[in-house]
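> Here is a sequence with its predicted model. Questions after.
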Amino acid sequence: PDRTSCFVLVFCRRHVAGVVRRIIPLIKGEEANHPTNPAMAGRVTSRCGALSAATMQARHVVARGVPTAASSSVAMGGACIGAGGALGWPVASRAAGMWTRGLRVIGQPTGRHNPHLMRAEELTPGIAASEFRARRSELMAAMPAGSAAVALSHPTPLMSNDIPYLFRQRSDFIYLCGLNEPDCALVMEKGRDGAVAEDFRTTLFVRPSEPSRELWDGPRCGLDGATEHFGADAALPIECFGPFVAKMLAPDNANCPAHLFFDDTTAPVPHPKLHAALRESVAGAARQWTDAAAADTAAAPATAPTLHKLASLVERQRLVKSPAEQDVMRASGAISGDAFCDVMRATRPGVGEHELSAAIEWHCRRRGSTRLAYPPVVAGGARANTLHYVTNDRVLQGGELVLMDAGGELHGYASDITRTWPVSGSFSEPQRLLYEAVLRVQKRCVELCSTHVLLGSRDGTRIDVVVGGGGGCGSGGGEVTPSAVPVTLDRLHVISVQLMEEELKRLGFTGTGVSRVRQLYPHHVSHWLGMDTHDTPSASRSLPLRPGMVLTVEPGLYVPADLEGCPPEFRGIGIRIEDDVLVGPDGRPEVLTGRCPKDVDDIEALMRDANMAC
């Protein structure tokens, strides 16, 4: 024990001494490999006494060899030091030894500390750090030279006073950088002569390490983690975000971007406080541009930055999932499918909807889901006719059906399943007839989620399958027509309505037609799925399907208890069947949630076996 204690003391003494030897010359601007402008040395030293520990961390800005044409900011007032090597940032090289990769806990899983979740090369579980760099490169390549993009995180959501909800990061933000902390901002700047995708600079604004707060809230990535772990070219405290953007957009900045991409019209805004600071900086810069134009400042660029919406570009990328994302979504769908099976087994008369709601969350989370992707719908009997019924406070009765719409979220990727099954374990004849009508429509629509299917119209009123799609209802056959078009979500919905109309006629519903079908089937058959349940909202449902896209297929029938013109045995029944479908690399549909049974015989067998085991 004494020998061990001595070793620890000697090691700590040498380690601290080494760090001190590195810090002192860094502060004085004397580090041999320090790329800071020599003129900055005195300025840095003069500030040392007044700077807080958090601000001192701002000096951990790493020079990564990015062309200075992409570095646009100049020195800022107060504690916010200016940006970019030759433009006046005090830059600390990683070689300074002040932070060793992988040794410190940073507030979210890493391969070193969570090997059961992720590999060493992954930045978030299942997604490699190189993929995040590729995402940023692809985004900036889609922008013209002289562009800047600003993405904001979510703030900490509060339930009441100082009691927070479980934090969930904004999808666009974490998609670009992988950082799962509140109160952060990402700025990417592409030089006016940026001819290649890699010619841009990334700055992360984060909460600096603060031991007094981390004692309560857990570790933060800090400024060193933002550069070393998340791959930012530079990092600054989040308090510097507003001044940074203001200087970046100022007319006297020779590298002021010609285009600014950010989300000004998103409702609700992602981070009200940071968004207000961003808007204030943009408005202030606009006033400066007006004044500069009036003064005819020759040194200023010709025009003020043009404002663009960032979400549409990011969501265009997010719409097509990479192979790594597809693997995570397969796992997410499998977890939720297995969880549904467990909940079906637990269903019997007298069980509360709230119990099944708790059960689906438990079974998803025990298999690895981070959370549920959305509040679950657990609706017994006629309550299934309320599409977003989330009260879940009634008791299930024998002879009823129960509709559950739920799904887990795994490592930031959602699943979305709906199943309808009998509380007592067996469908009645009317329930079976209505259920199988919906099931036929659902299965047919899943078959059509393919790039090998072309659609057309033979009589000018209906959409038919003219190429591919196999047989069955809604298939056409025959020659390819010049007007043949690929499958889109909107066209898939039109086909689902046509198929549902045929099913209602077969069941004896009167007054059928599009208006009647829409009364009983009032929602769209599909939406995009990914990091969000209703993913990429700016992506149109009129886009042709492509490999890598993930969508839901969810037809339903909801028969009011007082509906006229239908067989009385169907009144009060609500049914929806939903699966998650990936358009695979070969262009054909892959059902990600296929582990959850949906055929009548399979559901009844599952529940019968569970009852026998009891």
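Now that the structure is in, tell me what you want to look at. Quick caveat, the model's predicted, so the values are computed rather than measured.

> Off-centre distance for the helix or strand that contains Phe132?
For Phe132, the host element (DSSP states H and E) is helix 129-141. For helix 129-141, the separation from the chain centroid amounts to 15 Å (computed by Cα atoms, centre = their mean, to the nearest Å).

> could we number from 16 for the rest of this?
That works, and once the first residue is 16, the last one we named lands at helix 144-156.

> mean confidence for it?
Across helix 144-156, pLDDT averages out at 97.

> Mind giving me the packing neighbours of it?
For helix 144-156, the packing partners by 3 or more Cβ pairs under 8 Å, 6 or more residues apart in numbering; DSSP states H and E come out as strand 137-139, strand 162-167, helix 186-192, strand 200-205, strand 215-221, helix 326-334. C-beta coordinates here come from the backbone N, C-alpha and C atoms, glycine included.

> of all these, which lies closest to Pro283?
Pro283 lies closest to strand 162-167 among the helices and strands packed on helix 144-156, at 11.9 Å (Cβ to Cβ).

> Quick check: can you name the pairing partners of that closest one and their directions?
strand 200-205 (antiparallel), strand 274-277 (parallel) (DSSP bridges).

> Take the ones you listed and write them to TSV, including mean pLDDT and distance to Val512.
Converted to TSV, the strands paired with strand 162-167 look like this (pLDDT from 0 to 100; distance: least, Cβ to Cβ, whole Å):
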stretch	mean pLDDT	distance to Val512
strand 200-205	96	42
strand 274-277	94	38
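
> Quick one: closest of those to Ser372.
For Ser372, the closest of these is strand 200-205, at 36.0 Å, according to Cβ to Cβ.

> and the closest one, which residues are buried?
Ala200, Leu201, Val202, Met203, Glu204, Lys205 (16 or more other Cβ atoms under 10 Å).

> Among those, pick out the one closest to Ile618, please.
Closest to Ile618, out of all of the buried residues of strand 200-205 and judged by Cβ to Cβ, is Leu201, at 46.1 Å.

> what sits against the closest one?
Residues in contact with Leu201 (Cβ atoms under 8 Å, 6 or more residues apart in numbering) are 164-167, 188, 191-192, 194, 217-220, 247.

> Closest to Glu368 out of those?
Of those, the one sitting nearest to Glu368 (Cβ to Cβ) turns out to be Phe188, at 34.9 Å.

> quick one on the thing from earlier: right, so of the strands paired with strand 162-167, which gets closest to Phe355?
strand 200-205 (36.8 Å).

> low-confidence ranges in this structure?
Scanning the chain with the threshold set as pLDDT under 70 gives 16-118, 209-213, 280-282, 308, 310-317, 473-475, 484-497, 628-629.

> one more time with 90, if that's ok
16-122, 176-177, 206-214, 265-270, 278-287, 290-320, 472-499, 525-530, 580, 624-629 (pLDDT under 90).

> can I get the contacts of Leu201 in JSON lines with neighbour count and distance to Arg148?
Formatted as JSON lines, these follow (neighbours: other Cβ atoms under 10 Å; distance: Cβ to Cβ, whole Å):
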{"residue": "Ala164", "neighbour count": "26", "distance to Arg148": "15"}
{"residue": "Val165", "neighbour count": "25", "distance to Arg148": "18"}
{"residue": "Ala166", "neighbour count": "25", "distance to Arg148": "15"}
{"residue": "Leu167", "neighbour count": "27", "distance to Arg148": "20"}
{"residue": "Phe188", "neighbour count": "22", "distance to Arg148": "16"}
{"residue": "Leu191", "neighbour count": "22", "distance to Arg148": "10"}
{"residue": "Cys192", "neighbour count": "25", "distance to Arg148": "10"}
{"residue": "Leu194", "neighbour count": "26", "distance to Arg148": "14"}
{"residue": "Thr217", "neighbour count": "25", "distance to Arg148": "9"}
{"residue": "Thr218", "neighbour count": "27", "distance to Arg148": "15"}
{"residue": "Leu219", "neighbour count": "23", "distance to Arg148": "13"}
{"residue": "Phe220", "neighbour count": "29", "distance to Arg148": "19"}
{"residue": "Ala247", "neighbour count": "26", "distance to Arg148": "11"}
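
> Nearest to Ser327, out of the residues you listed: which one, please.
Looking across the contacts of Leu201 and measuring by Cβ to Cβ, the closest to Ser327 is Ala164, at 12.0 Å.

> now that closest one: how far from Arg127?
30 Å (Cβ to Cβ, to the nearest Å).

> Could you do Glu254 as well?
According to Cβ to Cβ, Glu254 and Arg127 sit 30 Å apart.

> These two - which one has more neighbours?
Neighbour count, other Cβ atoms under 10 Å: between Glu254 and Arg127, Glu254 has more, with 19 against 13.

> The stretch 266-415 of the chain: strands as residue ranges?
274-277, 321-324, 386-387, 392-395 (DSSP state E, counting those that start in this stretch).

> Make CSV out of the helices and strands packed on helix 144-156 and add distance to Arg586.
Listed next are those as CSV, based on distance: least, Cβ to Cβ, whole Å:
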stretch, distance to Arg586
strand 137-139, 48
strand 162-167, 49
helix 186-192, 41
strand 200-205, 54
strand 215-221, 57
helix 326-334, 40
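
> Looking at these, which is nearest to Asp357?
For these, proximity to Asp357 was assessed by Cβ to Cβ; strand 137-139 is nearest, at 27.2 Å.

> Excluding its own residues, what touches that closest one? List them.
123-124, 126, 133, 143-144, 146-147, 189, 193, 195, 244-246, 426-427.

> farthest-separated two in those residues?
Among these, the pair separated by the greatest distance (Cβ to Cβ) is Gly246 and His426, at 18.7 Å.

> Which residue ranges of the stretch 516-629 of the chain form helices?
529-535, 615-628 (DSSP state H, counting those that start in this stretch).

> Out of these, flag the one nearest Glu444.
Nearest of these to Glu444, taken as Cβ to Cβ: helix 615-628 at 11.1 Å.
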